[in-house]
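Peer 1: Structure of the sequence below:
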Amino acid sequence: MRWLFLVVGTAIVAVVAAVVVVVQPFSSEETAPTAAKSAAPKPSSTQPTPKVSEFTDPCGTFDTGEKAPYAVTGYWITPTSDPCTWRSQLQEIHRVGGDTIIRIGYGLQFRTVDDEGRVLTRDGELDTRYKSCRENDMTCYDAALYELQEANPDNRIGRVYVYRTDESFGPDLFRCPGMEKAIEVGDRIYYRLITQADGSDDATCDFSRKAGSYDMILVAGSNKDSLQKLLDLGDQFGMRVFPALPLAPRDAKTPIRAATRHLGTLTTLTRRILQDYGTRFADRDSLGGVYQPFEVQMSATLATNPTLEVYADQHRIVDQELGKPILISPYLDARKRVGFGQTPKQVAEGFKALVKTGVGIIAPQDSRGTGKVGLFWPDERDQEVDSRLEPVVGESSYDTAYHGSTRDYYREMAAARQEMIESGHHVQLWANVEAFEPSGAEPCAPTGTRGKTDKQRLDQAVTMAGRYVQKIVSYMWSDFMTCGKPSLETEIAQDWQRPIAVDAIRRGRDIQDGIEVRGYNLKDGTITVQYSGGTKEMVVSAVGWLDEDPIEGELPKGMATAWVPFDWAQVPAGEWVKVGVKLPSGQSSAEPLHVRIVT
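Peer 2: Numbers count the residues shown, from 1 in each chain. Model prediction:
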């Protein structure tokens, strides 16, 4: 099913705005944006359903049921050569409530060839991946040049690019089949594309009329299409898949930026691949959209970053050829001690710049895993940072280390999103909570020092961002969710029923003052309020009400709303109050909400 875009009000914003009219508001740190007049596009509220309860294939028998649905419902995965690995991963992800897969991809690379027409690495060595590409006892480069010069002796190949993938493509990859072709060598298929340097495609495919300089893109693919397999698995498990667009070549002097001089060739490759997708997969329920893998930092100066020119170009092609959402996951950096650290307001400006490139889903990395942003409340600014952050920001207070907390940044981005919606743009805000720590005694990834985190810290990240977003995803499943003993996956499976509160507001009901809490696993819960007058516990089923399926749009999957009576007049004005949820099992929310009423 294609993702439907519904025009609805922003639920949480609307509720808070209504409260402001009748009661004293919370402090500015916890005040939501004004009520929405229109809303951004969103996926259909009806998720694809698994085809069967279980299925069997050469990799074994797999069940498609959810066992421990968690607040995080999407994960990044990496390519793999083992055909059974993805089957196992998708089953594991679906068991903990995952319904979205985002695939890491590959990059387009500019290369040179030697005197024998062999593709070289960027270090000038023979690239063995392309060594076996031969036609009529010639290298693929020499064969392409020969055929071009057969058409016109003055034709030449000006630049050579390579692109590796584990996908295979259909005939729609080719614009000029007489000059472009697939060369099958063993279990690998090479796709030879001959393109114009400016990114255009000559409708005549006449290479003889006028001599020209052409770019050659040599794609090293597979005779087994990984995307087809992922989409089939997505159908089986009722999940959506976001394959990666080709990653743009990086600027040699500033690698964090895309090199726009290669934009024409990148445009051609992107268009060709998406034409192929459009023909073969456009109507597949499991194809949720595409992922833009070139990361940028959210900053006030992002609009001047040349990478956004690449974004806009690729995103325009996605809209033309596929008509599905583009997902991007930029990163945050809130550190005060680095010159490029950004405030929440500056990040909001970066959000607006990204929206203008045509992106449909922005899932900013919460950057807690890298230590670039901290998880803390306004009344905790003077506390010492979590010791796991010290490798990045040293021994310091949160206020000394960071311009703001995760919650501050997502609040400002939610306000920016609403502004863009009202100006006619369509975009969703997701949260990408990083499921790792800056370092660990036993690093999880094959390279680097990043180590395992725990579910308590992941719950805390969900608490901080969950109020402002439409979905929560995590980087990433491979390595970070499965490493260590117990693994984070195991912790979730054992502790998935623990409540997570993401929002608490003062809200009256009839003539009673009260408190409304939003979050996960609130059924049979007791709302706890801690303040200077003591601790109050209110059983929702006895004195309040619970809505497990709120009708408001734009709430993440699994979120519920609870209300209990509470007299806020007994709380001194300006005092910070801690609001939590606990269950009869003894499980309580790992991170209480910090809220206050101001005069």
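Peer 1: Helices of the protein, start to end?
Peer 2: Remark: helices assigned in the chain by DSSP state H are 11-22, 85-95, 128-131, 140-151, 226-237, 263-281, 307-321, 344-355, 390-393, 398-401, 406-422, 455-465, 488-495, 540-543.
Peer 1: what packs against the fifth one?
Peer 2: In terms of contacts (3 or more Cβ pairs under 8 Å, 6 or more residues apart in numbering; DSSP states H and E), helix 226-237 is packed against helix 85-95, strand 100-103, strand 240-242, helix 263-281. Yep, even glycine has a C-beta here, placed from its N, CA and C like the rest.
Peer 1: Of the helices of the chain, which shows the lowest average pLDDT?
Peer 2: The minimum mean pLDDT among the helices of the chain belongs to helix 11-22 (a mean of 34).
Peer 1: contacts for stretch 584-594?
Peer 2: 375, 377-380, 455-456, 459-460, 463-464, 495, 497-504, 517, 519, 524, 528, 530, 576-582 (Cβ atoms under 8 Å, 6 or more residues apart in numbering).
Peer 1: got TSV for the helices of the chain, with mean neighbour count and distance to R596 too?
Peer 2: Shown next, in TSV, are the helices of the chain (neighbours: other Cβ atoms under 10 Å; distance: least, Cβ to Cβ, whole Å):
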stretch	mean neighbour count	distance to R596
helix 11-22	18	14
helix 85-95	20	38
helix 128-131	15	59
helix 140-151	19	67
helix 226-237	20	43
helix 263-281	22	49
helix 307-321	20	39
helix 344-355	22	19
helix 390-393	17	27
helix 398-401	20	18
helix 406-422	23	14
helix 455-465	24	17
helix 488-495	18	30
helix 540-543	14	22
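Peer 1: Let's have those helices in CSV, adding distance to Q292.
Peer 2: Putting the helices of the chain into CSV (distance: least, Cβ to Cβ, whole Å) gives the following:
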stretch, distance to Q292
helix 11-22, 27
helix 85-95, 22
helix 128-131, 25
helix 140-151, 29
helix 226-237, 16
helix 263-281, 10
helix 307-321, 6
helix 344-355, 10
helix 390-393, 26
helix 398-401, 30
helix 406-422, 17
helix 455-465, 21
helix 488-495, 26
helix 540-543, 42
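Peer 1: Of the ones you listed, which is nearest G371?
Peer 2: Closest to G371 of the helices of the chain is helix 390-393 (Cβ to Cβ; 2.9 Å).
Peer 1: and the closest one, how far from the chain's centre?
Peer 2: Centroid separation for helix 390-393 versus its chain: 25 Å, with Cα atoms, centre = their mean, to the nearest Å.
Peer 1: cool, stretch 279-298 as well?
Peer 2: 10 Å.
Peer 1: Ends of it, what's the gap?
Peer 2: End-to-end distance for stretch 279-298, by Cα to Cα, to the nearest Å: 35 Å.
Peer 1: Among the contacts of stretch 584-594, which are located in strands?
Peer 2: 500-504, 517, 519, 528, 530, 576-582 (DSSP state E).
Peer 1: Generate a PyMOL selection restricted to the buried subset of these.
Peer 2: Entered in PyMOL, the line below selects the buried ones among these, by 16 or more other Cβ atoms under 10 Å:
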select buried, resi 500+501+502+503+504+517+519+528+576+577+578+579+580+581+582
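Peer 1: hmm, back to that, quick check: which of the helices of the chain is nearest to G508?
Peer 2: Between those, helix 11-22 lies closest to G508; by Cβ to Cβ that is 6.3 Å.
Peer 1: separation between P330 and G533?
Peer 2: 43 Å (Cβ to Cβ, to the nearest Å).
Peer 1: So which of the two has more stuff around it?
Peer 2: Using other Cβ atoms under 10 Å as the criterion, P330 and G533 rank with P330 on top: 23 against 12.
Peer 1: Confidence-wise, which helix or strand of this structure is lowest on average?
Peer 2: Every helix and strand of the chain was ranked by mean pLDDT, DSSP states H and E. The lowest is helix 11-22, at a mean of 34.
Peer 1: can you list the helices and strands packed on helix 226-237 in JSON lines and add distance to L555?
Peer 2: Below are these laid out as JSON lines (distance: least, Cβ to Cβ, whole Å):
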{"stretch": "helix 85-95", "distance to L555": "21"}
{"stretch": "strand 100-103", "distance to L555": "16"}
{"stretch": "strand 240-242", "distance to L555": "18"}
{"stretch": "helix 263-281", "distance to L555": "29"}
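Peer 1: Of all these, which one comes closest to V539?
Peer 2: Closest of the helices and strands packed on helix 226-237 to V539 is helix 85-95, at 30.9 Å (criterion: Cβ to Cβ).
Peer 1: quick one: low-confidence ranges for this structure?
Peer 2: Along the chain, the model assigns pLDDT under 70 to residues 1-47, 599.
Peer 1: if we go to 50?
Peer 2: Where the chain drops to pLDDT under 50, the residues are 1-29, 31-45.
Peer 1: Can you flag the residue of it lying furthest from its geometric centre?
Peer 2: The outermost residue of the chain relative to its centre, with distances by Cα atoms, centre = their mean, is P153 at 48.3 Å.
Peer 1: Tell me, how many residues neighbour the closest residue to that residue other than its chain neighbours?
Peer 2: What sits nearest to P153 in space, not counting adjacent residues and going by Cβ to Cβ, 6 or more residues apart in numbering, is A211, at 7.8 Å. By other Cβ under 10 Å, the residues close to A211 number 14.
Peer 1: For T195, which of the helices of the chain is the nearest?
Peer 2: helix 263-281 (4.3 Å).
Peer 1: Contacts for that closest one next, please.
Peer 2: Contact with helix 263-281 is made by 108, 159, 161, 163, 169-170, 172-175, 193, 195-201, 215, 217, 219, 227-228, 231, 243, 245-246, 248-249, 287, 290, 309-310, 313-314, 317-318, 321-322, as judged by Cβ under 8 Å, 6+ apart.
Peer 1: now the angle from it to helix 226-237?
Peer 2: Interaxial angle, helix 263-281 versus helix 226-237 (axes from the mean of the first three to the mean of the last three Cα atoms, to 10 degrees): 40 degrees.
Peer 1: Number the chain from 4, please
Peer 2: Sure thing, new numbering starts at 4, so read that last one as helix 266-284.
Peer 1: what is the orientation angle of helix 266-284 with helix 310-324?
Peer 2: 30 degrees.
Peer 1: next one: helix 266-284 to chain centre, how far?
Peer 2: 21 Å.
Peer 1: now stretch 443-461
Peer 2: The chain centre lies 19 Å from the centre of stretch 443-461; the measure is Cα atoms, centre = their mean.
Peer 1: Equivalent analysis for stretch 200-209, please.
Peer 2: Centre-to-centre, stretch 200-209 and its host chain are 34 Å apart (Cα atoms, centre = their mean).
Peer 1: Stretch 523-531 now?
Peer 2: Worked out by Cα atoms, centre = their mean, stretch 523-531 lies 29 Å from the chain centre.
Peer 1: Check which residues of that stretch are buried.
Peer 2: Quick answer for stretch 523-531 (16+ other Cβ under 10 Å): 523-525, 528-531.
Peer 1: Same question for stretch 384-401.
Peer 2: 384, 388-389, 391-393, 395-396, 400-401.
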